[in-house]
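A.B. asks: pasting the sequence and the predicted model now:
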Amino acid sequence: MRVKKWHSITAGMLTIAISASLAGCAAGNTENQAASTPGAEVTQVRPIGQTNQTNQTNPASQINPTSQTNQTSEAPAEMAEPAEAEVTVESCTTEESIAYDTAETSMAYNAAAQPFPGDAAAGTIQAAKASEGMAYGDYDEGIPFTGGPGFTEFNTESYNYIAENGFNLVSASPFSTFAADVDTASYANFRRQILNGGGHVIPDSIRVEEMVNYFHYDYPQPEGDEPFSVTAEIAPCPWNDETQLMMIGLQAPELDTQELPDSNLVFLIDVSGSMDSPNKLPLVQRSFMTLTENLRPYDTVTLITYSSGERVVLDGVRASEKQEILSSLEMLQASGSTNGEKALQTAYELAQKHFIRGGNNRIIIATDGDFNVGVTDRGDLVRMIKDHAKEGISLSVLGYGMGNYKDDMLEDLSNYGRGNYAYIDSIDEARRVLVNEAGGTLFSVAKDVKLQVEFNPERVSGYRLIGYENRVMAAEDFDNDEKEGGEIGAGHQVTALYEIIPAGSEAELPEVPSRYGKKTTGSNDTRKAGEDAAAALSAASDDYAGELCVVNIRYKDPDEDRSTRLEYPVSTDCIRRKMSPNMNWAAGVAQISMLLRESDYAGTTNVQDVIDRMKQDESLLKDDFRYEFIWLVQHCADL
């Protein structure tokens, strides 16, 4: 079967500008009826009194900031009607999948499946199954491979176990601390499992935060010298009538290409025998060729391959020598066993050799993760990666393939290397990660980013962080600059969701009785000191009575070793009667993710109810990736 492409959707449909018109959080307007209309739903919170910066007067619609200290210890535009689509398919039955693409991304739907309204304006579902055994080059570039040379019949994929976050009592644990995470590998891997795995999804392959963060949200750009904009919103939780849902969104600044620092990139490519499959090495080659075509002339490229041994193919070649780089990539072939540890050492040595002070120094490793690291103690590998990360050399990971995929190894490598982690299941995903979002993937604007949310016990009795299980930190590590956070690149967004229990709610929370919690006896001096402390705490609580919580952020500039702290209070003015489009989408993705993870906290979530609610989002006709998600979930449910 040969599948023709559909080109009748215009590129203009895919590049609709959506301006961010933020809601005002007017004091006392807790009902905020405007919250139900696009462009008036999200509250931007601002840091309080920034040290060494001039405080700006903020509009009444924004919450004024608290302190920044250096550590010494508008509605979417209407879319034109889509052109009528014409699909030409050779020898395709109704049981087979029809693939088509738009200007940048390809999409597929099952012709036998029941379509939902809007199919004519479809976006990025990245293709149906190719015929098993089809030779590379005979299938459309958006179609993930399902058979042929290198296809693994026995599944040896491995994932880290995720112990889901539970509820915490604010009275016992008011702080929720975690490292920022902008990885998106889990979503692309989920897509691959739906399209090529018969609808079976491995629960531990679903990391809720990566599913949520895959999508773009309508957050405002930072103002002035602020490193982030922060928005917050609280609304009724769609899966639990007794709780509320809080969304916190960070937006890093978009940078013009000319503002980005010079890059010193090391391409570290696995060419072992396990990579001999069309959805592995050939896709790796095309991915890096796509990246090379978009590098600037003054960027530097080093190319290292590894299998039974490592080989330096290119050593510090200027990106202006594109033909040399492209030819070198094109000639790569897969063979031999896998030993990546020595190659990684060589990659760090050459990254150091061509190190650009103040630049972007980064190793990008492309592999299926199925390699012998060459050391008996995995801790040695971790220490090597962490030491070089502290020296300013980041490690980003691109995962490929299926059947023998080692997600656990690759996730750990990127976390320790202060880089990001993406799974590449098609050339379209490669373009998204390496071209369309290159600023965020390749250029860091803040490192060691940590978030700490402190809840007000007068307003919140319990909370649960949804996702980020492998990024949770101890409260005391927030102020410790020796403890690493996450990397945020140019234009990156971080979205975090909390399920919260309002104070006075009838929701039950497990409490652990304390032997000493109600002790009131003691000397007169001791009792007096306790009474004074309680009075002081009560007075302080009165000062912050309108706050549900405060979002604290620590980050380091890319070339600095000392962190800066920001505080963003979240007031009761951010409470809405109805979720905004932003929050509705994030909540829906989280609900589906919890079902896929077989979560104990999914509550009343029903797949079809979530799909129906998400389909009401007008952005489905403008955002290809959101449309794709709905299709994938519906397809998975049908299976």
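C.D. replies: Here it is on my side, so go on. Every value quoted in this text rests on a predicted model; they were computed, and no experiment measured them.
A.B. asks: not counting its neighbours along the chain, what's nearest residue 603?
C.D. replies: Distances taken as CB to CB, 6 or more residues apart in numbering place residue 239 nearest to residue 603, at 3.7 Å, with adjacent residues excluded. (Glycine included, C-beta is placed from N, CA and C.)
A.B. asks: list the residues that contact that neighbour.
C.D. replies: With contact taken as CB atoms under 8 Å, 6 or more residues apart in numbering, residue 239 is in contact with 591, 602-605.
A.B. asks: gap between it and residue 580?
C.D. replies: 17 Å (CB to CB, to the nearest Å).
A.B. asks: what do you get for residue 410?
C.D. replies: 34 Å.
A.B. asks: next one: residue 334
C.D. replies: Separation of residue 334 from residue 580 (CB to CB) stands at 48 Å.
A.B. asks: neighbour-wise, which of these two wins?
C.D. replies: residue 580 (25 against 21; other CB atoms under 10 Å).
A.B. asks: do you know the pLDDT at the more buried one?
C.D. replies: According to the predicted model, the pLDDT of residue 580 comes to 94.
A.B. asks: cool, residue 377 as well?
C.D. replies: Residue 377 carries a pLDDT score of 62 in this model.
A.B. asks: flag the shaky bits of the stretch 1-150 of the chain, pLDDT-wise.
C.D. replies: 1-43, 46-150 (pLDDT under 70).
A.B. asks: how about 50 then?
C.D. replies: Across the stretch 1-150 of the chain, the ranges flagged by pLDDT under 50 are 1-41, 49-65, 67, 69-150.
A.B. asks: tell me the secondary structure for the residue nearest to residue 603?
C.D. replies: Assigned with DSSP: H, G, I helix; E, B strand; the rest coil, residue 239 falls in the coil class.
A.B. asks: phi, psi of it?
C.D. replies: The phi/psi pair for residue 239 (degrees, to the nearest 10) reads phi -120, psi 0.
A.B. asks: ignoring the adjacent residues along the chain, who's closest to residue 399?
C.D. replies: In space, and not counting its chain neighbours, residue 399 is closest to residue 423: 4.5 Å by CB to CB, 6+ apart.
A.B. asks: what sits against that neighbour?
C.D. replies: Residues counted as contacts of residue 423 (CB under 8 Å, 6+ apart) are 184-186, 188-189, 192, 398-400, 407, 429.
A.B. asks: next, count neighbours for residue 156.
C.D. replies: Residue 156: 10 surrounding residues under other CB under 10 Å.
A.B. asks: now do the one 5 residues further on
C.D. replies: Summarising burial for residue 161: neighbours were counted as other CB under 10 Å, giving 9.
A.B. asks: does it really touch residue 204, like I thought?
C.D. replies: Yes. Shown here, residue 161 and residue 204 form a contact pair, counting by CB atoms under 8 Å, at 5.8 Å.
A.B. asks: ranges for the helices of the chain?
C.D. replies: Applying DSSP state H to the chain gives helices spanning 185-196, 208-213, 281-293, 322-330, 340-353, 378-390, 407-416, 427-431, 438-442, 524-543, 581-596, 607-615, 624-638.
A.B. asks: which one of the ones you listed is the most hemmed in?
C.D. replies: helix 208-213 (a mean of 26; mean count of other CB atoms under 10 Å).
A.B. asks: for that one, packing partners?
C.D. replies: When contacts are defined as 3 or more CB pairs under 8 Å, 6 or more residues apart in numbering; DSSP states H and E, helix 208-213 sits against helix 185-196, strand 493-502, helix 581-596.
A.B. asks: one more time with 6 Å
C.D. replies: Where contact means 3 or more CB pairs under 6 Å, 6 or more residues apart in numbering; DSSP states H and E, helix 208-213 is packed against helix 185-196, helix 581-596.
A.B. asks: which intervals of the chain have sub-threshold pLDDT?
C.D. replies: Low-confidence segments of the chain, defined by pLDDT under 50: 1-41, 49-65, 67, 69-152, 373, 375-376, 519-527, 529-530, 533-534, 536-537.
A.B. asks: show me the domain layout of it.
C.D. replies: Domain ranges of the chain: 1-34+82-154, 262-442, per automatic domain parsing.
A.B. asks: who's in contact with residue 455?
C.D. replies: The contact partners of residue 455, by CB atoms under 6 Å, 6 or more residues apart in numbering, come to 170, 174, 463, 549.
A.B. asks: surely residue 255 touches residue 492?
C.D. replies: No. If you go by CB atoms under 6 Å, residue 255 and residue 492 don't touch, sitting 11.0 Å apart.
A.B. asks: more neighbours, these two?
C.D. replies: The residue with more neighbours, out of residue 255 and residue 492, is residue 492; 27 against 16, by other CB under 10 Å.
A.B. asks: highest neighbour count among the contacts of residue 239?
C.D. replies: Tallying neighbours with other CB under 10 Å puts residue 591 at the head of the contacts of residue 239, with 26 neighbours.
A.B. asks: distance of it from residue 159?
C.D. replies: Counting by CB to CB, the separation of residue 591 from residue 159 is 21 Å.
A.B. asks: same question for residue 469.
C.D. replies: The spacing between residue 469 and residue 159, counted by CB to CB, is 12 Å.
A.B. asks: ok, now residue 553?
C.D. replies: From residue 553 over to residue 159 the distance is 29 Å, taken as CB to CB.
A.B. asks: out of those two, which sits in the more crowded spot?
C.D. replies: Between residue 553 and residue 159, counted using other CB under 10 Å, residue 553 has the larger neighbour count: 26 against 19.
A.B. asks: what's the closest non-adjacent residue to the more buried one?
C.D. replies: residue 566 (4.5 Å).
A.B. asks: could you give the number of residues near that neighbour?
C.D. replies: Applying other CB under 10 Å, we find 23 other residues in the vicinity of residue 566.
A.B. asks: cool, residue 321 as well?
C.D. replies: Using other CB under 10 Å, the number of residues around residue 321 comes to 15.
A.B. asks: now do the contacts for it.
C.D. replies: So residue 321 contacts nothing (CB under 6 Å, 6+ apart).
A.B. asks: for residue 268, see how far away it is.
C.D. replies: 19 Å.
A.B. asks: can you check which strand is longest in this protein?
C.D. replies: Ranked by residue count under DSSP state E, the longest strand found in the chain is strand 444-455.
A.B. asks: that strand pairs with which strands?
C.D. replies: In the sheet, strand 444-455 lines up against strand 175-179 (antiparallel), strand 486-489 (antiparallel), strand 547-556 (antiparallel) (DSSP bridges).
A.B. asks: return the most buried member of those strands.
C.D. replies: When the strands paired with strand 444-455 are compared using mean count of other CB under 10 Å, strand 486-489 is most buried, at a mean of 26.
A.B. asks: now it: how far from the chain's centre is it?
C.D. replies: With CA atoms, centre = their mean, to the nearest Å as the basis, strand 486-489 stands 10 Å off its chain's centre.
A.B. asks: residues in contact with it?
C.D. replies: For strand 486-489, contacts defined as CB under 6 Å, 6+ apart pick out 179-181, 252, 418, 440, 443-444, 446-447, 449.
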